[in-house]
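Undergrad: coords please:
(one chain, ligands or ions: 1)
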Amino acid sequence: MTTPLNYTGNKSRLMSQFAEYFPKNIGVFVDLFCGGATVGLNVDAREIIFLDNNHNVINLLKHLSLSDFDVLLSRLEKLISKYGLSYSAKFGYRQYRLGVPREDNNGLKKYNFLGYYKLRSDYNSLKDKASAYALDLLYLLIVYSFNNDMRFNRKGEFNLPVGKTDLNKNNLKKLIQYIDKIKKTNHTFICADFREEKVQKILLNADFIYADPPYLIGDAVYNEMSNWTEKTEQELIGLLEKLNRQGKKFALSNILDKVGASNKPLSDWIFNRTDLHIFDIKYHYKSASYNKINRNAREREVLITNYN
Ligand SMILES: C[S@@+](CC[C@H](N)C(=O)[O-])C[C@H]1O[C@@H](n2cnc3c(N)ncnc32)[C@H](O)[C@@H]1O
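TA: Model (predicted):
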């Protein structure tokens, strides 16, 4: 299943390949660097811990998980009408494109332009971004923004431009599925940096850890804020080494090489190691402009595990 957060780099299309490599009958599973929570939601485990250092992501995942779909939807509908946004799930698509030439491929951008920027500025001026009201606005911002992504500037302001889509049937389906699925799992959301001591304790208590950090040689939107450098990469490698010594099973996603760049710390770490296993992942992401750029970049995407 995919989650309502259409996260850049989300692993939904890779889950069938991961299923071949992930252990079976997992007890405590940690989705480290969980982003949109796709991986944890698609893994069968007794307990799932979602961990990410982006508080907006964690707060939104938590907020949606605690929501009743019908109640949430009626709040969203009020906001859609307040901001004069399109709502194709309920009213169809055509009426919002009246007068727009057929060859125009900007979807609902023109219709939602004014309402979206008002919504964005109202959200950015809220003091408490963790309130239920703010998180409803944030969900709508994602749904109406460019590429349905989530991006904040250094001041913490949501800064994506208006997109082509709206609250359509597909987004509603993802929302229902997420709320339904998450309520059936035994889970915890934790907002923390992977280097924090409390995270190390959590990891040492886990049975299996999947780590999907920002890629050192990637250029997804969350990289703009996360400052992922060679030093951070080394720190993560240090943590994985520690887990390995403690006999904890892990799997790490990453890109080893692409045209013009290679992840040297990672390549050096795995070189000549018989206890680490490298599996090539055969998929080029489809959606988002970032993916279009990388489709021709001949990336070597891998899953690195410390178990067979
Ligand atoms: C590749 S994305 C994860 C995508 C996710 N697996 C999915 O399917 O949606 C990497 C994530 O790492 C998080 N992150 C970046 N630096 C971090 C840090 N120091 N500690 C914890 N999380 C971090 C980012 O917020 C981002 O959500």
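Undergrad: make it CA atoms for all contacts and neighbour counts henceforth
TA: Will do.
Undergrad: how many neighbours does residue 237 have?
TA: 16 (other Cα atoms under 10 Å).
Undergrad: How about the one 3 residues further on?
TA: Residue neighbour count, defined by other Cα under 10 Å, stands at 21 for residue 240.
Undergrad: Tell me the pLDDT of it.
TA: Listed pLDDT for residue 240 reads 98.
Undergrad: Check for me that residue 254 belongs to a strand.
TA: Yes: secondary structure of residue 254 (DSSP: H, G, I helix; E, B strand; the rest coil): part of a strand.
Undergrad: Let me know whether it touches residue 303 as I believe.
TA: Yes: because the distance of 6.6 Å satisfies Cα atoms under 8 Å, residue 254 is recorded as touching residue 303.
Undergrad: How about residues contacting stretch 163-170?
TA: Residues outside stretch 163-170 that contact it (Cα atoms under 8 Å, 6 or more residues apart in numbering) are 86-90, 106-109, 140, 143-148.
Undergrad: Can you list the low-confidence ranges for the stretch 1-150 of the chain?
TA: Nowhere does the stretch 1-150 of the chain drop to pLDDT under 70.
Undergrad: One more: the stretch 201-308 of the chain?
TA: 219-226, 283-297.
Undergrad: sorry, back to before: go through the contacts of stretch 163-170 and name the one nearest the ligand.
TA: residue 148 (12.9 Å; Cα to the nearest ligand atom).
Undergrad: ok, residue 239 - how many residues close by?
TA: Neighbourhood size, residue 239 [other Cα under 10 Å]: 16.
Undergrad: tally of neighbours for whichever residue of the stretch 151-300 of the chain sits closest to the ligand?
TA: Closest approach between the stretch 151-300 of the chain and the ligand, counting by Cα to the nearest ligand atom: residue 193, at 3.5 Å. Residue 193 has 15 neighbouring residues, counting by other Cα under 10 Å.
Undergrad: quick one: it and residue 146, what's the gap?
TA: 27 Å (Cα to Cα, to the nearest Å).
Undergrad: can you check residue 235 too?
TA: On the measure of Cα to Cα, residue 235 and residue 146 end up 33 Å apart.
Undergrad: Compare these two and say which is more crowded by neighbours.
TA: Each of residue 235 and residue 146 has its neighbours counted (other Cα under 10 Å); residue 146 has more, 20 against 14.
Undergrad: quick one: pLDDT of the residue nearest to the more buried one when sequence neighbours are not counted?
TA: Using Cα to Cα, 6 or more residues apart in numbering and skipping residues adjacent in sequence, the residue nearest residue 146 is residue 163, 3.6 Å away. On pLDDT, residue 163 comes in at 97.
Undergrad: what's the spacing between stretch 173-187 and its chain's center?
TA: Remark: stretch 173-187 is offset 15 Å from the chain centroid, using Cα atoms, centre = their mean, to the nearest Å.
Undergrad: Let's test this: mean pLDDT of that stretch, rounded?
TA: 97.
Undergrad: Of all the residues in it, which ones are buried?
TA: Judged by neighbour count using 16 or more other Cα atoms under 10 Å, the buried positions of stretch 173-187 are 174-179, 182, 187.
Undergrad: Show residues contacting it.
TA: Contacts of stretch 173-187 (Cα under 8 Å, 6+ apart): 1-4, 41, 46-50, 64-69.
Undergrad: Now do the helix or strand hosting residue 267: which elements does it pack against?
TA: If you go by DSSP states H and E, residue 267 is part of helix 264-270. Packing partners of helix 264-270 (3 or more Cα pairs under 8 Å, 6 or more residues apart in numbering; DSSP states H and E): helix 230-245, strand 249-258.
Undergrad: before we move on, back to that, which among the buried residues of stretch 173-187 gets closest to residue 121?
TA: Taking Cα to Cα as the measure, residue 121 lies nearest residue 175 of these, at 24.4 Å.
Undergrad: Tell me the secondary structure at the closest one.
TA: helix.
Undergrad: Counting neighbours, what do you get for the spatially closest residue to residue 108 that is not a sequence neighbour?
TA: Leaving aside its sequence neighbours, residue 108 sits nearest to residue 164 (Cα to Cα, 6+ apart; 4.8 Å). Residues within reach of residue 164, counting by other Cα under 10 Å, total 19.
Undergrad: just the one 4 residues further on next, same as before
TA: The criterion is other Cα under 10 Å. On that basis, residue 168 has 17 neighbouring residues.
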